[in-house]
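could you look at this predicted model? Sequence included:
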Amino acid sequence: MAADRDTVITGIGLISCLGEGTDATWAALDAPAGFQPVVDASRFAPWSVHPMVPLEWERQIPRREQRQMEPWQRIGVYAAGLALDAAGVKGNAALLEHMDMIVAAGGGERDYAADEAIIAALRDAPNPGALLNERLQSDLRPTLFLAQLSNLLAGNISLVHGVVGSSRTFMGEEAAGTDAVRTACARIASGQGELFLIGGSYNAERPDTLLILAAGGFLRRAPFAPVWERLATGGGAVLGSVGCFLVIESRAHAASRGAIPIARIAAVATDRCQRCPGQATAVAERQLAALPPLDRPGAAVISAAGGATAPAAEEAAFLRMLGLPVRAAATAFGHSMESAFPAALALAAMCIARRRLFSPLEAAEAPMPAVLRQVLVTCWGQWRGEAMALVDEA
């Protein structure tokens, strides 16, 4: 592939429990006194969450637009605005009109008050079916099928920030985020696009999704522990509210507008398996073999492992075989489903720009004294989907 078709990252928008933007995130990760996790263990007990940092939403979203957005949409629109600002394209209609967008999104959020009122009324209703039909028509929003609401994140980004090129929304938890990145990179490499906004958002502070994931045995009930440490005490994910969007573009396009790349996405691969023992490892080994050679000792790993016991334990074993310094992004800001892979890529780019890996987040993670030149980003979904990307100097 010609160098001018390289995919480079020129803007990062990242918000989480660690703060707003890359500088605040880095300061929290690499604090002189050591990393201190931000965890709320009481609001949704017995489950913990990494809550979103308080934000002044008006800085990126006009107040009139906020009223019709659910929290996960506000998180995504805000992060997208930060990415556009960082890339120097915010408000530039000539660029935004041909900027393509690929969003990884989940379903819409419930109206808890309406749900509870309907359930309470059904208990004493002489004709529950008739009452349910009546209340569904009068109490709920027109978009009853909540999966339809996944498209609203991209729609709101278009309305608020003026991104009006092609738009795609992928659903499918972690795999939605990985394929959003892979698809955009492939389109840049093939000349089918020059400038993309990609990413996703996740609101972890939702009783309904916490209940669903807890019922599936995915969440951690024990006290908080870092990702690798918790594998010895039952594993389980601790969800985090995260918004992450990246502006990526061809090297030629970045040069034409004078943008300075933060890092390069040298390669990205996605796949899936049925998760029989050893299958995910076999997928990862094939992906690694297809990547450019790792530049040891200047390489490290940022893993988006969520903490679900079986996949995280298998991924940990695979990463030990690589013999590279590893950091678990979910220890820092929690597991964020659709935005997990974009957020891990953002951390990788931040490290590449500084030419060093941030300090270990737990005892199992080794320090890295060498100059950082490459980051291998991994993401194994809690149910399906395995992805790998190589990020290096631009």
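Right, received. Where do you want to start?

now the strands for the stretch 101-250 of the chain?
167-170, 195-202, 239-240, 242-250 (DSSP state E, counting those that start in this stretch).

show me where pLDDT drops low in the stretch 201-350 of the chain?
Along the stretch 201-350 of the chain, the model assigns pLDDT under 70 to no residue.

can you pull out the helices in it?
Per DSSP state H, counting those that start in this stretch, the stretch 201-350 of the chain carries helices over the ranges 207-215, 227-230, 251-256, 279-290, 309-322, 329-333, 340-354.

dump those to a markdown table, plus mean neighbour count.
For the C-beta atoms, the positions are set from N, CA and C on the backbone; glycine is no exception. Supplementary listing: those in a markdown table, determined by neighbours: other Cβ atoms under 10 Å:
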| stretch | mean neighbour count |
| --- | --- |
| helix 207-215 | 15 |
| helix 227-230 | 24 |
| helix 251-256 | 18 |
| helix 279-290 | 16 |
| helix 309-322 | 18 |
| helix 329-333 | 29 |
| helix 340-354 | 28 |
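
any chance of TSV for those helices, columns distance to A86?
Listed next are the helices of the stretch 201-350 of the chain as TSV, based on distance: least, Cβ to Cβ, whole Å:
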stretch	distance to A86
helix 207-215	29
helix 227-230	28
helix 251-256	13
helix 279-290	29
helix 309-322	30
helix 329-333	18
helix 340-354	10
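
got a list of what R257 touches?
By Cβ atoms under 8 Å, 6 or more residues apart in numbering, the contact set of R257 is 88, 95.

next one: the one 10 residues further on
For A267, the contacting residues are 290-292, 389-390, taking Cβ under 8 Å, 6+ apart as the criterion.

circling back to that earlier point, E65 is nearest to which of the helices of the stretch 201-350 of the chain?
E65 sits nearest to helix 340-354 of all the helices of the stretch 201-350 of the chain, at 22.8 Å, using Cβ to Cβ.

what pLDDT does A31 get?
If you check A31, the pLDDT there is 94.

now the phi/psi pair for the residue nearest to it when sequence neighbours are not counted, please.
The spatially closest residue to A31, leaving aside those adjacent along the chain, is S359, at 7.9 Å (Cβ to Cβ, 6 or more residues apart in numbering). When read as degrees, to the nearest 10, the backbone of S359 gives phi -60, psi 160.

so S359 makes contact with D30?
Yes. Judged on Cβ atoms under 8 Å, S359 makes contact with D30 at a distance of 5.4 Å.

mind listing what the residue nearest to A31 touches?
By Cβ under 8 Å, 6+ apart, the neighbours of S359 are 29-31, 34-35, 367.

of these - the most surrounded one?
L29 (21 neighbours; other Cβ atoms under 10 Å).

surely that one meets F35?
Yes. Counting by Cβ under 8 Å, L29 touches F35, with 6.1 Å between them.

overlap in contacts of those two?
By Cβ under 8 Å, 6+ apart, the residues touching both L29 and F35 are 332, 359, 361.

out of these, the closest to A266 would be?
A332 (23.5 Å).

so how far is Q287 from that closest one?
Here the distance between A332 and Q287 works out to 24 Å (Cβ to Cβ, to the nearest Å).

again with A31
For A31 relative to Q287 (Cβ to Cβ), the value is 33 Å.

just to revisit the earlier point, G91: which of the contacts of S359 is nearest?
Lowest distance from G91 to these (Cβ to Cβ) belongs to L29, with 30.2 Å.

where does the stretch 51-200 of the chain have low pLDDT?
Low-confidence segments of the stretch 51-200 of the chain, defined by pLDDT under 70: 140-148.

can you do 50?
Residues of the stretch 51-200 of the chain meeting the criterion pLDDT under 50: 143-144.

related to what we said a few turns ago, may I ask which two of the contacts of S359 are separated the most?
A31 and P367, at 14.7 Å, using Cβ to Cβ across the contacts of S359.
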